[in-house]
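A.B. asks: Sequence first, predicted model second:
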Amino acid sequence: MKLNKTYLFFIVLYIFLITLSIIAFSLMPYPITYPEGFFITPGNVQVEWIFAVVMPGITGTIFGIIAIYFISPIFMRIYTKFLSKKSKIGLVEIKPLSKSSLFRKIWARSIILGFFVGNVCFSLAGQKSIIEFMRSVSPSETYYIPDIETLWQIAWIITIPSVLIVIPIYVMNDVGIIKAKKINGFQFMSADLASRPLYKVIKGFAGVGFMYNLAVMIISWVSSSVERSGFDLTIIIEMISPLIAAGSVFPGIIILESLRSYNRKRAEKLLLKLKLNDKIMYQIDSKSSI
């Protein structure tokens, strides 16, 4: 993988966010009443929080690679077969991305995937059974619903299925698979990226719902932190947690982008094998890519 300046920026930013988080949670002033901590994750309170911050990036990267190499080909095969029943399937010519377009693309994809994970976690953190299951010491310990602490603790788990769902959609967009239908009464066909309907669903879920959830989370974080010990470094980490969520998927998105040519070749072979290569070629502005 060629490490260009854009990739380097996101890698350095991710390392900075994780380092800042580890320092903040290592200096937590909270009393450690129970050595084993308050959640089922290993270690004391500090270790639990560091684990919760570091693990999404690890699981996101590992399962992102699995999604690219193994899940994406299966997804493309099934989805293109399904679409081919009513539409023609082909490939568009892909324009190279400029540095600024690549920068925006990595930001956008990371934010969408990070917020997608956060939205699922927020929904689960509002379930009493999940909150009490995650708390290892005292299920009756005072908590609010949704429990923001539980949200952090389950993020690394939810990252796994989220990556396996979203990354194949990104791959399908990158390779330029389109579907085309003949417009009744006209002598031309209407074509669109095959992945666009799925992307709209993912984007809507990650964006609209998360903005409301984010406001609720920030109010809860600030209120609970002020009641405990006043403003400290951990409050800053909590406030920038959406950026941490996006940063956790930087490595996986960078790997995905570096493998775009590889994925394109696989898509071409797949369409040839399925005899779906109608060789429909259109120029599509790179700005429309996700």
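C.D. replies: That came through, no problem.

A.B. asks: where do the strands sit along the stretch 1-150 of the chain?
C.D. replies: 88-91 (DSSP state E, counting those that start in this stretch).

A.B. asks: in it, which spans are helices?
C.D. replies: All helices of the stretch 1-150 of the chain, identified by DSSP state H, counting those that start in this stretch, fall at 5-26, 45-66, 72-83, 99-124, 128-134, 148-175.

A.B. asks: Quick one: closest of the ones you listed to Ile253.
C.D. replies: helix 99-124 (5.0 Å; C-beta to C-beta). No exception for glycine: its C-beta is placed from N, CA and C like everyone else's.

A.B. asks: tell me the angle the closest one makes with helix 148-175.
C.D. replies: 140 degrees (axes from the mean of the first three to the mean of the last three C-alpha atoms, to 10 degrees).

A.B. asks: Check which residues of helix 99-124 are buried.
C.D. replies: Of the residues in helix 99-124, 102, 105-106, 109-122, 124 count as buried by neighbour count, 16 or more other C-beta atoms under 10 Å.

A.B. asks: wait, what's in contact with Ile254?
C.D. replies: 1, 7, 10-11, 106 (C-beta atoms under 8 Å, 6 or more residues apart in numbering).

A.B. asks: Of these, grab the buried ones for PyMOL.
C.D. replies: Here is the PyMOL command that picks out the buried ones among the contacts of Ile254, judged by 16+ other C-beta under 10 Å:
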select buried, resi 7+10+106
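
A.B. asks: which intervals of the chain have sub-threshold pLDDT?
C.D. replies: Applying pLDDT under 70 to the chain flags the ranges 1-3, 28-36, 137-141, 182-191, 207-236, 238, 277-290.

A.B. asks: Quick check, central residue of it?
C.D. replies: By C-alpha atoms, centre = their mean, the chain has its centre lying nearest to Leu113, at 2.2 Å.

A.B. asks: Touching, that residue and Ile253? I think so.
C.D. replies: Yes: Leu113 lies in contact with Ile253 (C-beta atoms under 8 Å); the separation is 7.3 Å.

A.B. asks: rewinding a little: among the helices of the stretch 1-150 of the chain, which is nearest Val92?
C.D. replies: So among the helices of the stretch 1-150 of the chain, helix 148-175 is nearest, using C-beta to C-beta, at 9.3 Å.

A.B. asks: can you give me the offset of that closest one from its chain's centre?
C.D. replies: Relative to its chain's centre, helix 148-175 lies at 4 Å (C-alpha atoms, centre = their mean, to the nearest Å).

A.B. asks: Now do it against helix 72-83, angle only.
C.D. replies: Using the same axes, to 10 degrees: helix 148-175 against helix 72-83 is 70 degrees.

A.B. asks: What helices and strands are in contact with helix 148-175?
C.D. replies: Where contact means 3 or more C-beta pairs under 8 Å, 6 or more residues apart in numbering; DSSP states H and E, helix 148-175 is packed against helix 45-66, helix 72-83, helix 99-124, helix 128-134, helix 196-229, helix 250-258, helix 260-273.
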